[in-house]
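A.B. asks: Let me see the structure of the following:
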Amino acid sequence: MNKLLGTVLCVIGVIGLIWGGFAYHTQQTVFSIGSLHATHEVTHNVLLPPVVGALALIVGVVLLAAGRGKSA
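C.D. replies: As a prediction, the model looks like this:
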């Protein structure tokens, strides 16, 4: 379990350090009259500080090292 969690945290940490965040899109209804609809696409940016990525990477490495010591 620690090995899987450590691997996932390492991957998330590396991705967080490389990209620094992600964006997603939602559609917002501007108006709706009968069968006539107008929508607007809104982009939401989620920024991840480099500290979060580094912390996830460090915790992942520690979990991998702890799991390696127990299995040997």
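A.B. asks: Can you get me a residue count around residue 53?
C.D. replies: 20 (other C-beta atoms under 10 Å). For glycine as for every other residue, the C-beta is placed from the backbone atoms N, C-alpha and C.
A.B. asks: If you could redo that for residue 57, that was the one I meant.
C.D. replies: 19.
A.B. asks: And the helix or strand containing it, what's buried?
C.D. replies: Using DSSP states H and E, residue 57 sits in helix 50-71. Going by neighbour count (16 or more other C-beta atoms under 10 Å), the buried part of helix 50-71 is 52, 53, 56, 57, 59, 60, 63, 64, 67.
A.B. asks: Would you mark the buried spots in the helix or strand harbouring residue 6?
C.D. replies: If you go by DSSP H and E, residue 6 is part of helix 2-19. Within helix 2-19, the residues scored as buried using 16+ other C-beta under 10 Å are 2, 6, 9, 10, 12, 13, 16, 17.
A.B. asks: Where does confidence bottom out across the residues you listed?
C.D. replies: Ranked by pLDDT, the buried residues of helix 2-19 bottom out at residue 2 (83).
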